[in-house]
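Colleague: Model the following, please.
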Amino acid sequence: MSEEFLGLEELSIRNLGVIESAQIALSPGLNVLTGETGAGKTMVLTALGLILGGKSDADRVRTGEDRLMVAGLFAVPSGIVEMVEEEGGTIDEGSLLITRTLTRDGKSRITLGGVPSTNSRVFDITNNLVEIHAQSGNLRLSKPQFVRAALDRYGKLDEQLDAYVQQYELFRELHKRITELQRDEANREEEVAKLKEFEKVFLALDPKPEDLHDIESELSRLENVNELQEAAATALTLLDNDEASVSSLLASAQRALHAASGKDEKLEEIANRFSDEIFALNDSLSALQRYLARLDADPAKLDYLQSRKAAINSFIKKYGEGTEKEIAFLQLIERGRNTAERLADLQGGSGRIEELKTQLATEFATLKELGSSLSSARQNSAEELSERITTELAALSMPHARVAFIVNTSNPDDPKSFASHGLDEISIGFASHTGSELLPLGKTASGGELSRVMLAIEVVLAASALVPTYIFDEVDAGVGGKSAMEVGRRLWKLAQQAQVIVVTHLPQVAVWADNHLVVRKSESGSVSNTDVSHLGPSERIVEIARMLSGQEESATAQEHAQELLDLVAAARGG
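Modeller: Below you'll find the predicted structure:
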């Protein structure tokens with residue numbers, strides 16, 4: 001795994017199903033959850049689904065309780081950090097906290113980085129954090145957009161795709177210019193006159209994208225300068241005056257504490273905190289004094305800003321489109337920047353249209369070449385990827401199954417065939433036995449088959465590290481013995497590239513764990529913090545013996561458990 005860990009660090013659950021309370025610490029590598037049937041292992045998936053913005057179900061609230069609460073702490077990449085901060089949330093040392101509460105009457109609340117959010121927004125932001133594979137889970141690899149991205153990443157086609165996208169945008173803009181010119185050709189003189197009038201107003205106004213916000217902010221300050229001065233002056237008087245200054249009182253308290261702090265470490269620690277708080281207060285006082293010194297009434301500037309605001313509003317009202325003022329304003333700025341080019345096109349007449357058509361044909365030829373090359377590269381990558389995944393399936397007790405990444409390419413001679421992602425629609429086909437027809441993966445595979453197919457796909461794609469965390473439930477359905485050992489081996493292999501969390505009942509899978517957690521149900525039928533524990537080496541032998549024979553105290557079962565652990569240690573190289 002990479003030195004910088006990305007993934008789920010901790011999961012907290014309260015009053016979810018049979019779980020009264022649980023605090024689960026996860027680690028890099030392969031995390032395995034085991035326990036007897038009904039102990040609440042799959043509640044981990046339910047909790048994560050809620051945390052990631054999934055649908056809520058009030059029936060999940062523990063019997064006798066009013067609400068459930070789940071929280072997840074994720075170590076996230078910089079891209080997620082930026083999105084959370086844009087939402088007003090905070091990231092603590094690279095970790096993002098998401099919480100979800102659900103009441104028995106169905107009311108749901110979700111927070112992202114400490115601020116309230118919506119389920120859909122949290123889902124959008126965290127969509128690339130966790131991949132859950134279960135019979136009821138979200139099958140991302142049945143979605144064309146994700147399948148295409150996976151294939152392109154496997155084939156290392158990013159540069160080819162970027163070149164194609166750049167050419168596609170150039171072709172589309174040129175085609176749009178020609179269409180607009182042809183549409184306006186009959187009314188060329190009228191359009192030229194309108195554009196010249198717009199250009200004159202635009203150049204005189206010289207609008208900037210930040211104008212709307214900056215003018216409103218400055219107007220608010222100037223229009224309320226007396227109230228702002230009074231507030232700042234009152235705060236300064238209360239905090240820093242000759243008779244009873246907060247800063248002087250704090251300083252006196254600090255001196256008193258320091259006089260005796262050498263006699264007690266705890267008191268010394270408190271005294272040091274006072275020092276930090278005094279420094280922060282003095283810094284705030286200085287900032288407030290500077291603010292008050294600069295806060296002057298400026299009637300001339302106020303008049304100018306009011307006039308400019310009125311001119312911008314008039315400009316938007318006359319030329320803007322739509323009901324969203326800010327969007328209309330930004331669109332007008334973009335239009336103003338392109339006015340000179342648009343005028344040149346119109347004033348060029350029919351000759352200009354023919355000139356652009358010739359250029360369009362040249363650009364289309366380049367687009368066709370790039371699109372066809374991208375399609376060919378995708379086809380080659382799809383064949384190689386399909387073969388590797390099918391080979392993986394043979395070792396997962398599916399020797400006759402076949403997976404194929406199917407690339408359907410549209411007619412490259414038709415400009416309408418081209419889209420922002422190329423000429424191709426890509427899907428995954430699956431056949432469970434020799435001679436059977438390839439059908440869409442999500443529609444033809446059983447739950448157990450689907451989990452193993454997804455495991456095979458993820459293992460092959462692992463070098464691309466599509467998401468930081470993979471979670472598997474029922475991946476071992478219908479397998480045992482040697483095949484189960486191979487499932488464990490492949491989960492461990494995937495865990496070399498990303499964090500993997502597995503809920504399993506098979507000892508042959510559990511022995512591959514880097515972090516083995518067991519969930520036990522108390523005699524009352526509930527699960528509390530004391531019932532979810534990390535297993536040390538000797539405890540693992542007992543748990544694996546239980547999984548093997550149902551009798552954790554059996555000496556024979558424990559010997560078999562130790563044998564399995566030794567086999568895995570040898571296979572892992574120690």
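Colleague: in the stretch 301-450 of the chain, which spans are strands?
Modeller: For the stretch 301-450 of the chain, applying DSSP state E, counting those that start in this stretch gives strands covering 402-409, 424-431, 439-440.
Colleague: for those, which one sits closest to residue 266?
Modeller: Nearest to residue 266 among those is strand 424-431 (62.2 Å), distances taken as Cβ to Cβ. Where you see a C-beta, it was placed from the backbone N, CA and C, and this is true even at glycine.
Colleague: That closest one packs against which elements?
Modeller: Here strand 424-431 touches helix 144-154, helix 349-394, strand 402-409, strand 439-440, helix 441-444, helix 447-461, going by 3 or more Cβ pairs under 8 Å, 6 or more residues apart in numbering; DSSP states H and E.
Colleague: Nearest residue to the middle of this structure?
Modeller: The centre of the chain sits closest to residue 126, judged by Cα atoms, centre = their mean, with a distance of 3.0 Å.
Colleague: Neighbours of the closest residue in space to it that isn't next to it in sequence, how many?
Modeller: Of all residues not flanking residue 126 in the chain, residue 52 sits nearest, at 5.1 Å (Cβ to Cβ, 6 or more residues apart in numbering). Residues near residue 52, counting by other Cβ atoms under 10 Å, number 22.
Colleague: show me what contacts residue 52?
Modeller: Residue 52 makes contacts with 72, 98, 122, 123, 126, 129, 130, as judged by Cβ atoms under 8 Å, 6 or more residues apart in numbering.
Colleague: And the pLDDT at residue 481?
Modeller: As predicted, residue 481 sits at a pLDDT of 67.
Colleague: re the thing from before, I figured the residue nearest to the centre of the chain was touching residue 49, is that so?
Modeller: No - Residue 126 is not in contact with residue 49 according to Cβ atoms under 8 Å; the separation is 11.3 Å.
Colleague: Where do the helices of the stretch 1-150 of the chain begin and end?
Modeller: Counting by DSSP state H, counting those that start in this stretch, the stretch 1-150 of the chain has helices at residues 43-51, 78-86, 119-126, 144-154.
Colleague: other SSEs contacting the second one?
Modeller: Spelled out, that is helix 78-86. Going by 3+ Cβ pairs under 8 Å, 6+ apart, helix 78-86 lies up against strand 95-103, helix 119-126.
Colleague: So what touches that helix?
Modeller: By Cβ under 8 Å, 6+ apart, the residues outside helix 78-86 that reach it are 74, 76, 90, 91, 94, 96, 112, 113, 125, 126, 128, 129.
Colleague: what do you get for the shortest one?
Modeller: Around helix 119-126, the neighbours that count as contacts under Cβ under 8 Å, 6+ apart are 52, 53, 54, 74, 80, 83, 84, 87, 98, 108, 110, 112.
Colleague: Have a look at these and tell me the least confident one.
Modeller: residue 54 (83).
Colleague: what's the neighbour count on residue 100?
Modeller: When neighbours are counted by other Cβ under 10 Å, residue 100 registers 23.
Colleague: What of the one 5 residues further on?
Modeller: The number of residues packed near residue 105 is 9, by other Cβ under 10 Å.
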